[in-house]
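Undergrad: What follows is a predicted protein model with its sequence.
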Amino acid sequence: MDEVSTSTAGSRRNEDIALDLMKFVAMTTGYGRTSSSGVGFQGSGAASKPEDYANHLLELYGRCLEAVQRKK
């Protein structure tokens with residue numbers, strides 16, 4: 001209750017926009033996925049450990065945040 005909102009209606013923080021963008025890219029492309037259920041060639045871009053997956057997502061978030069900040 002003590003938190004004061006300084007944003008106007010309809011505006012969002014860059015961090016929130018970047019997080020949504022990161023989620024969209026990660027879900028639609030399988031970015032940094034730890035395992036693949038498909039048969040055939042396995043790409044070397046997939047993370048082998050959960051820590052690697054987290055690092056991939058953090059890197060992607062940073063790239064998304066940079067892109068959002070450049071746009072404004």
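TA: Right, received. Where do you want to start?
Undergrad: all helices of the chain, in order?
TA: Using DSSP state H, the helices of the chain run over residues 14-29, 50-71.
Undergrad: Packing partners of the shortest one?
TA: Pointing back at helix 14-29 there. Packing partners of helix 14-29 (3 or more CB pairs under 8 Å, 6 or more residues apart in numbering; DSSP states H and E): helix 50-71. The C-beta positions use only the backbone N, C-alpha and C, and glycine is treated the same way.
Undergrad: neighbours of Val68, just the number please.
TA: 19 (other CB atoms under 10 Å).
Undergrad: circling back to that earlier point, can I get the helices of the chain in TSV with mean pLDDT?
TA: Shown next, in TSV, are those (pLDDT from 0 to 100):
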stretch	mean pLDDT
helix 14-29	94
helix 50-71	93
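Undergrad: So the nearest residue to Leu57 once chain neighbours are set aside versus Arg63, what's the distance?
TA: Nearest non-adjacent residue to Leu57, counting by CB to CB, 6 or more residues apart in numbering: Gly32, 5.8 Å away. Counting by CB to CB, to the nearest Å, the gap from Gly32 to Arg63 is 12 Å.
Undergrad: Show me which of those two is the more surrounded one.
TA: Gly32 (18 against 14).
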